[in-house]
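Asks: Show me the folded form of this:
(one chain, ligands or ions: 1)
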Amino acid sequence: MKLELKPLKYAKEALEPEISKQTLEFHHDKHLQAYVNNFNQFIEGSGLENNSLEEVIKSASGPLFNNAAQVWNHEFYFDSLTDKKGQNPLKKTEALINAKWGSVDKFKEEFEKAANSLFGSGWAWLVVINSNNELEIKSESNAGNPLKNGLKPILTFDVWEHAYYLDYQNKRAEYSKKIWNIIDWEKVEERLK
Ligand code: MN
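Replies: All right, here's what the predicted structure looks like:
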């Protein structure tokens, strides 16, 4: 299996001012492209060439896992963002959030806390943990992906510095707060199904 760089579903300037065109030029065209290239190199001769990307993530370790997971994580992250700004969680998602955290505001506060307190590089995830659609927030370092633990991700924030440094410098908390405005809650709702 050879991967190709998946195009963004919005124009690179369409997420401004929350995320700049310049950030997406580096983040999508350079960083994600590098993970795709590395994956294509490491999958060769691994014995996992005929597996899906998800299967590779579940069974691989080392550089193959890191690059496979970073491709999946970034496609999922870029798909979690939208130029249709100012959305709120849709019906089903909102009910599940309220059941767990009492309100969407409280959930956002907890999610930001997870994103901002993660030491170094990594990802904050909203995941479904069981067949009752119970939600939980998870932090993962580096390329960490909840699929590895049998969980179902429905939203993620990339908190590697390359995701926000050009726009927010060291202010990760500001990035975590601002990007709620460009979250694609329709996509999140779709992932629950
Ligand atoms: Mn990234």
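Asks: And the residue lying farthest from the centre of the chain, how far from residue 64?
Replies: Residue farthest from the centre of the chain, counting by CA atoms, centre = their mean, is residue 45 at 28.3 Å. Separation of residue 45 from residue 64 (CB to CB, to the nearest Å): 10 Å. (Each C-beta comes from the backbone N, C-alpha and C, glycine too.)
Asks: For this protein, what lies in contact range of the ion?
Replies: 158, 160, 163 (CB under 5 Å from the ion).
Asks: surely the second one meets residue 122?
Replies: What it means is residue 160. Yes. Contact criterion CB atoms under 8 Å: residue 160 and residue 122 qualify, at 7.2 Å.
Asks: Report the contact partners of the closest residue to residue 112 other than its chain neighbours.
Replies: In this structure, residue 112 finds its nearest non-sequential neighbour in residue 176, 4.5 Å apart by CB to CB, 6 or more residues apart in numbering. If you count contacts by CB atoms under 8 Å, 6 or more residues apart in numbering, residue 176 has them with 111, 112, 115, 116, 124, 157, 159.
Asks: got the contact list for the longest helix belonging to the chain?
Replies: Counting by DSSP state H, the longest helix found in the chain is helix 62-79. Under the contact criterion CB under 8 Å, 6+ apart, helix 62-79 has outside partners 3, 6, 8-9, 27-28, 31-32, 35-36, 38-39, 42-43, 46, 48, 53-54, 56-57, 60, 123, 142-145, 147-148, 153, 156-158, 163, 184, 187.
Asks: at 7 Å what do you get?
Replies: 3, 6, 8-9, 28, 32, 35-36, 38-39, 42-43, 46, 53, 56-57, 60, 123, 142-143, 145, 153, 156, 158, 187 (CB atoms under 7 Å, 6 or more residues apart in numbering).
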